[in-house]
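need a structure here:
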Amino acid sequence: DYGIEYGLNLCAAHDSGMPPFCNVPGAPAWCSSPWCYVNASHCALDHAESSYLEGEGGLHYSYATCSAPDSFTDWYLARTGTLQL
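The predicted structure follows:
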């Protein structure tokens, strides 16, 4: 259960321990990295659009805002070949 506060209001490792990728031994590094959703219009740091919640006005997530490297995007691209999240 990702919950209503998933990714909102604070920098945290929101995916840590969450299925299907972060609740297994040898989970990817991004599982323990802090990130948060950001307002793309007001965020000067690196961020990417997410389709996790399609139709929600173009949610953008940022690891840079939380002073963390974004290893998720490279992992996702290697897995899917596309950045359609």
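
hey, where'd the strands end up in this structure?
36-38, 48-49, 60-62 (DSSP state E).

between the ones you listed, which gets nearest to L8?
Across the strands of the chain, L8 has its closest neighbour in strand 36-38 (5.9 Å, Cβ to Cβ). The way it works is simple: take the backbone N, C-alpha and C, and place the C-beta from them, glycine included.

what about the chain, any weak spots by pLDDT?
51-57, 82-85 (pLDDT under 70).

nearest to A27, of the strands of the chain?
So among the strands of the chain, strand 60-62 is nearest, using Cβ to Cβ, at 18.0 Å.

quick check, M18 in contact with Y2.
Yes. Using Cβ atoms under 8 Å, M18 is in contact with Y2, at 6.8 Å.

name the residue in these two with the higher neighbour count.
M18 (16 against 12; other Cβ atoms under 10 Å).

residue contacts, the more buried one?
By Cβ atoms under 8 Å, 6 or more residues apart in numbering, the contact list for M18 reads 2, 31.

and it, how far from D1?
Distance, M18 to D1, by Cβ to Cβ, to the nearest Å: 9 Å.

okay, now G7: neighbour count?
Neighbours of G7 (other Cβ under 10 Å): 21.

any idea what the residue nearest the centre of the chain is bridged to?
Centre of the chain computed as the mean C-alpha position; nearest residue by Cα atoms, centre = their mean is Y61, 5.4 Å away. On the basis of DSSP bridges, Y61 is bridged to Y37, A48.
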